[in-house]
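# could you look at this predicted model? Sequence included:
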Amino acid sequence: MSKKIEFHFKNPDDSPGYLLGQLTMLWQRKLKRVLDPFDLTHTQFVLLAALGWLSRESNTVTQTDIANQGNADRMMVSKVLRTLEEKGFITRQEHQTDTRAKIIKLTPSGEIVLQKALIIVERTDVEFFSALETNLPSFNSNMLKLIHESKAQEASDSSI
């Protein structure tokens, strides 16, 4: 019966989606090991890092800004930010002009944990992707192309 199932790809190693999934799981497992001592999940780290990046440019970073920066679901961002607030890593305050928005800021302990985690995560990334050697810039460029194309497609789909 399973012989009737037809696949576009001859085997899993020919499937970019399958390979991306495998690579993502391996990378996330490695990151989990280095983030556990900071009491951070990968998602929490990503949102803290997004806040860190955005805070360099603006003092009024909102939950929506963070969601947009990380291509993340707004409801998930709200839940994760609540957890980060409970851990004392961020504060959430009412926006002065938009009553629906919250201004998100790193606390001093949030800045410390983010800086320490950034050092470890960036070192882990360098080690993990070192096998690509001089192909890393091309790999990054291809990932960015896929991200931009996907975002453009989503925008096009949502305008229909």
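Yep, that arrived. The shown structure was predicted, so the numbers you read here are calculated from the model rather than taken from an experiment.
# rest of the way, CA atoms for contacts and neighbours
Fine.
# tell me the phi and psi of residue 103?
Torsion angles at residue 103 (phi, psi; degrees, to the nearest 10) stand at phi -90, psi 130.
# ok, residue 102 next?
phi -120, psi 140.
# kindly report the same for residue 62.
Torsion angles, degrees, to the nearest 10, at residue 62: phi -110, psi 170.
# specify the beta-bridge partners of it.
Applying DSSP bridges to residue 62 gives these bridge partners: residue 103.
# give me the neighbour count for it.
Neighbours of residue 62 under the rule other CA atoms under 10 Å: 22.
# go ahead and confirm it touches residue 99.
No - assessed by CA atoms under 8 Å, residue 62 is found out of contact with residue 99, at 11.7 Å.
# find the residue closest to residue 60 in space, skipping its chain neighbours.
residue 103 (5.6 Å; CA to CA, 6 or more residues apart in numbering).
# next one: that neighbour from residue 88, what distance?
15 Å (CA to CA, to the nearest Å).
# of the two, which one has the most company?
Using other CA under 10 Å as the criterion, residue 103 and residue 88 rank with residue 103 on top: 18 against 14.
# excluding covalently adjacent residues, which one is nearest to the one residue sitting closest to the centre of the chain?
Central residue of the chain (CA atoms, centre = their mean): residue 46, 4.4 Å from the mean position. Excluding the flanking residues, the one nearest residue 46 by CA to CA, 6+ apart is residue 70, at 7.3 Å.
# phi first, then psi, for the one you found.
With angles defined as degrees, to the nearest 10, residue 70 sits at phi -100, psi 10.
# tally of neighbours for it?
16.
# could you shift the numbering so residue one becomes 111, and keep it that way?
I'll keep to 111 as the first residue from here, and by that count the last item is residue 180.
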